[in-house]
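Engineer: The sequence and its predicted three-dimensional model are supplied below.
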Amino acid sequence: MNTSLVFTFIGADRPGLVEQLAEQVTAHDGNWQESRMVELAGQFAGIAKVTLPRDKEAGLRTALSELAKTGLEVTIQSATTPESGAHYQHCRLSIVGNDRPGIVREVSRALKERHINVIEMSSNISSIPMSGEPLFEAHVHAEMPENTDTQELQDALDDIADQLSLDIVME
């Protein structure tokens, strides 16, 4: 019988970091299923899902935890299955505007108030061409209850966009 684990990791960016993790997964007869990884400010962080035989789980947990000795911090959780019977629809948001504190807070608050779950989010700061001012860009993939009033959500996002001088496009 197989089991699935999800682990997060972070450590100083260096060659071979992913290989260290993959080596331990393979050594415990695991199969790397999914992952997202990124380097930010000299740190390399990620999240991965692996499957492996249940009798190898304890050994992999120990091996991944021992990577702390190499400067790699790993947190491990058992994978869970989403609730069945829940009906959701997906939406995507694109957010662009002059950078300022509070953008992520305001948008995420509007989503939370409507029971909308963020599935994936990426954000970045770049420079506005010509002026060089900081430009905030974010892309959000979210899951919302089937009965969500999308017009009311769009109105709330438009209010945030007006208050913070942003463009927020919902698909």
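Structural biologist: Looks like it came in fine.

Engineer: Provide a list of residue ranges in the chain with pLDDT below threshold.
Structural biologist: 82-86 (pLDDT under 70).

Engineer: That one: strands as residue ranges?
Structural biologist: For the chain, applying DSSP state E gives strands covering 2-12, 31-40, 43-53, 73-78, 88-98, 117-127, 134-145, 166-170.

Engineer: Just send those strands back as a markdown table, with distance to Glu152 too.
Structural biologist: Bear in mind the C-beta positions are built from the backbone N, C-alpha and C, glycine included. As requested, the strands of the chain are arranged in a markdown table below (distance: least, CB to CB, whole Å):
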| stretch | distance to Glu152 |
| --- | --- |
| strand 2-12 | 34 |
| strand 31-40 | 31 |
| strand 43-53 | 32 |
| strand 73-78 | 35 |
| strand 88-98 | 13 |
| strand 117-127 | 17 |
| strand 134-145 | 11 |
| strand 166-170 | 12 |
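
Engineer: Does Ile103 touch Phe136 like I think?
Structural biologist: Yes. Counting by CB atoms under 8 Å, Ile103 does reach Phe136; the two are 5.6 Å apart.

Engineer: Please enumerate the shared neighbours of the two.
Structural biologist: 95, 97, 166 (CB atoms under 8 Å, 6 or more residues apart in numbering).

Engineer: Name whatever forms a beta bridge with the first one.
Structural biologist: Looking back up the chat, that one is Ile95. Beta-bridge pairing for Ile95 (DSSP bridges): Ala138, Ile168.
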